[in-house]
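*Asks:* Please find the sequence and the predicted model below.
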Amino acid sequence: MRLSVRGWITYGAACLRGKALLPGLLVAALAGGVASADDAGAAQELRVMAFGDSLTAGYGLPRDDGFVAQLSVWLRENGTPDGVPVRLINASVSGSTTAGGVRRIDWALGDTPNAMIVELGGNDLLRGIDPAETRANLEQILSKAAENDIEVLLVGLIAKDNYGPDYRTAFNAIYPDLASKYDTLLMLDFFAALPEDAADLAPYVQDDGTHPNAKGVSLIVDNIGPKVQDLVARSLATQD
């Protein structure tokens, strides 16, 4: 699946009508059993933050069907490196652009994550924002993470030719370039696990044709889960 301009209304600004501008943090304990923030052993948990837009915020879905909740189940079932307990923090905001991410990164880092899943740029793409601006904003976010010794899994999106081949080339180069520059893990396309054909895609997306439904999220999580395990392993290595 690839994002197209027709999805802008539902993927971008209209998402804000059903969501607060600041996220309510959803915290899920994984892999080492259920834990609360007050547990004496909480300091030994690895805190992984999802920092993105509606795709990771869980727009249009019951909380248990969203990306963070399904990822928590996947990690519980498939395990984490050394069996470390992982606490997922949902700091994603529906409708967020990369510029919005820059504005709230300091606020988000107040939750002291050890690692981050950075998934931003879809709304930039759908609005036709200059890829140079998107790149600069993501650089600021990744730079902040690096300054705080936070390991990152950078999750990208693939542009079509809606704005022409030059735009597509510039946009699609952003994620691999920045992953190389900042030595992050990379998932090149958030939607890679979903079918390309519209008829085949329909069972996996909501009525807006853009946001994944629970079945779609499940496929996405199955695809990204091993990368998150790698992210946990890299974060553990930096703490040794």
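*Replies:* Yep, that arrived. Since the model is a prediction, treat every value here as computed from it, not as a measurement. Numbering: from 1, shown residues only.

*Asks:* use CA for all of it now, contacts and neighbours both
*Replies:* Fine.

*Asks:* Can you report how many residues lie near the closest residue in space to residue 161 that isn't next to it in sequence?
*Replies:* Of all residues beyond its chain neighbours, the one nearest residue 161 is residue 168 (5.9 Å), with distances taken as CA to CA, 6 or more residues apart in numbering. Neighbourhood size, residue 168 [other CA atoms under 10 Å]: 17.

*Asks:* surely residue 168 meets residue 132?
*Replies:* No - judged on CA atoms under 8 Å, residue 168 makes no contact with residue 132 at a distance of 12.0 Å.

*Asks:* what packs against the longest helix along the chain?
*Replies:* Counting residues, the longest helix in the chain under DSSP state H turns out to be helix 214-239. The contact analysis (3 or more CA pairs under 8 Å, 6 or more residues apart in numbering; DSSP states H and E) places helix 214-239 against strand 46-52, helix 67-78, strand 115-119, strand 151-155, strand 185-187.

*Asks:* and of the ones you listed, who's closest to residue 95?
*Replies:* Of all these, it is strand 46-52 that lies closest to residue 95, at 9.3 Å by CA to CA.

*Asks:* Partner strands of that closest one and their direction?
*Replies:* Using DSSP bridges, the strands paired with strand 46-52 are strand 86-90 (parallel), strand 115-119 (parallel).

*Asks:* any idea how far the nearest residue to residue 45 once chain neighbours are set aside lies from residue 76?
*Replies:* Of all residues not flanking residue 45 in the chain, residue 85 sits nearest, at 5.1 Å (CA to CA, 6+ apart). Between residue 85 and residue 76 the distance is 9 Å, computed by CA to CA, to the nearest Å.

*Asks:* more crowded one of those two?
*Replies:* Neighbour comparison, residue 85 and residue 76: the larger count goes to residue 85, with 25 against 18 (by other CA under 10 Å).

*Asks:* What's opposite the most centrally placed residue in the chain in the beta bridge?
*Replies:* Of all residues in the chain, the one closest to the mean position by CA atoms, centre = their mean is residue 119, 3.4 Å from it. Residue 119 forms beta bridges with residue 52, residue 155, as assigned by DSSP bridges.

*Asks:* so where's the chain shaky on pLDDT?
*Replies:* Applying pLDDT under 70 to the chain flags residues 1-43, 240.

*Asks:* ok, 90 please
*Replies:* Across the chain, the ranges flagged by pLDDT under 90 are 1-44, 161-162, 239-240.

*Asks:* list the contacts for residue 187?
*Replies:* Contacts here follow CA atoms under 8 Å, 6 or more residues apart in numbering; on that basis residue 187 touches 153, 154, 155, 156, 224, 227.

*Asks:* Dump stretch 65-81 to CSV, keeping only the CA atoms.
*Replies:* Output in CSV follows, covering the C-alpha atoms of stretch 65-81 (Å, rounded to 0.1, in the frame of the first residue of the first chain):
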residue,chain,number,x,y,z
ASP,A,65,-6.8,-2.9,18.5
GLY,A,66,-4.4,-0.1,17.9
PHE,A,67,-0.7,-0.4,17.0
VAL,A,68,0.8,-0.1,20.5
ALA,A,69,-1.7,-2.5,22.1
GLN,A,70,-1.2,-5.1,19.3
LEU,A,71,2.6,-4.7,19.4
SER,A,72,2.5,-5.3,23.1
VAL,A,73,0.7,-8.6,22.6
TRP,A,74,3.2,-9.5,19.8
LEU,A,75,6.2,-8.9,22.0
ARG,A,76,4.6,-10.9,24.8
GLU,A,77,4.0,-13.8,22.5
ASN,A,78,7.3,-13.6,20.6
GLY,A,79,9.6,-12.5,23.4
THR,A,80,12.2,-9.8,23.9
PRO,A,81,16.0,-10.1,24.0
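
*Asks:* Thank you, goodbye.
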